[in-house]
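Participant: Build me a structure from this.
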Amino acid sequence: MRADIPSISFRPNPENLQLEIVKVEELFSRNLDSLNHNPQKPHRPDFNIILLPMEGKGKHMVDFQEYQIESGDVLMIAKGQVHAFQENPDYAGYLLLFTEDFVLHYFSEQTLKLLSRLYNYHINSPLLKHQTFGQSLLDEISKELEHDSDFGKNHILAALLSVFLLRLERANLEVEKTSQKQGQYEVFNSFRLLVEKDFDKTRNGLDYAAKLSLSYKSLNKLCKSFTNKTAKQFIDDYLMLEARRNLLASSLSIKEISYKMGFDELSNFVKFFKKQLSITPHMFREQNLFKGQD
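Facilitator: Numbers count the residues shown, from 1 in each chain. Below you'll find the model as predicted:
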């Protein structure tokens with residue numbers, strides 16, 4: 001029988017805080033029974049994770065893509081993304097874990113509007129290379145977690161975490177040299193939200209352009225400026241990501257998934273999927289589940 005990719009919930013801690021720091025080596029020293037999953041196999045957390053390698057080099061899988069990581073890098077795994085650690089990791093580092101509820105409850109509305117990486121993970125690389133601020137902010141968060149007084153603890157932790165995430169955003173903007181198009185981001189974000197809401201209803205870029213009161217040419221130009229993809233490619237890529245997640249993280253049949261993705265006929269879904277990845281959904285499921293069960 002096929003094993004589904006497990007969904008992992010945030011583990012409550014004695015202080016009921018929704019933020020935690022875990023050493024990578026500590027995670028692998030834990031009994032697998034206490035974790036209820038194997039971190040080296042694909043799994044889907046219902047919280048956010050920031051992986052900070054401090055010594056050595058390694059690799060990490062996020063949404064079916066492998067990333068090479070080393071000291072000084074920052075790897076962001078957003079809530080709902082499928083990820084897995086490498087076998088026998090040869091690096092030391094930390095995991096910063098925090099829930100969406102914590103962010104929504106303690107972050108200001110203005111800060112939330114500036115944070116892209118938490119919610120636009122499918123258009124950004126999760127990896128930022130050679131960041132220098134990670135260690136110092138991690139130290140500050142660790143000190144606050146260990147502080148005896150509970151007074152304002154969640155608010156202080158949220159302030160430190162927001163600084164951390166905002167610096168990640170700024171680093172990303174500097175890397176991609178996109179500072180000149182921040183004014184267009186609100187429109188692009190509206191497009192992204194529409195795609196997430198309606199991808200199973202339409203894959204036609206013209207429909208999305210009409211809803212945004214844009215010409216298709218303008219929507220394509222906007223989409224390319226943020227993702228280097230046309231609007232159609234962006235829509236298809238999002239659908240493929242959802243399809244792959246459903247294939248690996250659900251017990252639905254491929255026919256059921258094809259309907260869920262908005263296809264009237266299974267054959268059309270298989271044809272679409274094969275055009276994107278050069279393999280059928282059945283082959284993709286079998287190959288990746290086999291890797292996950294090694």
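Participant: Okay, strands next: where are they in the stretch 151-294 of the chain?
Facilitator: With strands called from DSSP state E, counting those that start in this stretch, the stretch 151-294 of the chain shows none.
Participant: Where is the longest strand in this structure?
Facilitator: Ordering each strand of the chain by length in residues (DSSP state E) puts strand 48-62 first.
Participant: which neighbours does that one have in its sheet, and in what orientation?
Facilitator: strand 65-70 (antiparallel), strand 74-77 (antiparallel), strand 83-85 (antiparallel), strand 91-98 (antiparallel) (DSSP bridges).
Participant: Out of these, which is the most enclosed?
Facilitator: Stretch with highest mean neighbour count among the strands paired with strand 48-62: strand 74-77 (a mean of 23; mean count of other C-beta atoms under 10 Å). For every residue, glycine as well, the C-beta is placed using N, CA and C.
Participant: For the chain, give me the ranges with low pLDDT.
Facilitator: 1-4, 31-34, 113, 116-124, 174-183, 249, 289-294 (pLDDT under 70).
Participant: so Glu196 sits right up against Tyr238, yeah?
Facilitator: Yes - here Glu196 reaches Tyr238: they are 7.0 Å apart, a contact under C-beta atoms under 8 Å.
Participant: quick one, which of those two is more surrounded?
Facilitator: Tyr238 (17 against 12; other C-beta atoms under 10 Å).
Participant: so that one makes contact with Phe199?
Facilitator: Yes - counting by C-beta under 8 Å, Phe199 is a contact partner of Tyr238 at 5.6 Å.
Participant: which residue is nearest the middle of the chain?
Facilitator: Nearest residue to the geometric centre of the chain (C-alpha atoms, centre = their mean): Ala78, 3.2 Å.
Participant: dump the residue contacts of Asp150.
Facilitator: Applying C-beta atoms under 8 Å, 6 or more residues apart in numbering to Asp150 gives the contacts Glu15.
Participant: I'd assumed it was in a strand, is it?
Facilitator: No - secondary structure assignment (DSSP: H, G, I helix; E, B strand; the rest coil) places Asp150 in coil, not in a strand.
Participant: my read: Leu128 touches Val74, true?
Facilitator: Yes - in this structure, Leu128 is within contact of Val74 by C-beta under 8 Å, at 4.6 Å.
Participant: where do the contact lists of the two overlap?
Facilitator: Both Leu128 and Val74 are contacted by Leu168, under the criterion C-beta under 8 Å, 6+ apart.
Participant: could you show me where the helices are in the stretch 101-250 of the chain, in order?
Facilitator: Along the stretch 101-250 of the chain, the stretches classed as helices by DSSP state H, counting those that start in this stretch are 109-114, 134-146, 153-176, 185-198, 205-211, 216-227, 231-249.
Participant: quick one, which of those helices is nearest to Ser29?
Facilitator: Relative to Ser29, the nearest member of the helices of the stretch 101-250 of the chain by C-beta to C-beta is helix 134-146, separated by 18.7 Å.
Participant: for the strands paired with strand 48-62, which one sits closest to Ser162?
Facilitator: Ranking the strands paired with strand 48-62 by their distance to Ser162 (criterion: C-beta to C-beta) puts strand 91-98 first, at 10.8 Å.
Participant: That closest one to helix 134-146, inter-axis angle?
Facilitator: Interaxial angle, strand 91-98 versus helix 134-146 (axes from the mean of the first three to the mean of the last three C-alpha atoms, to 10 degrees): 60 degrees.
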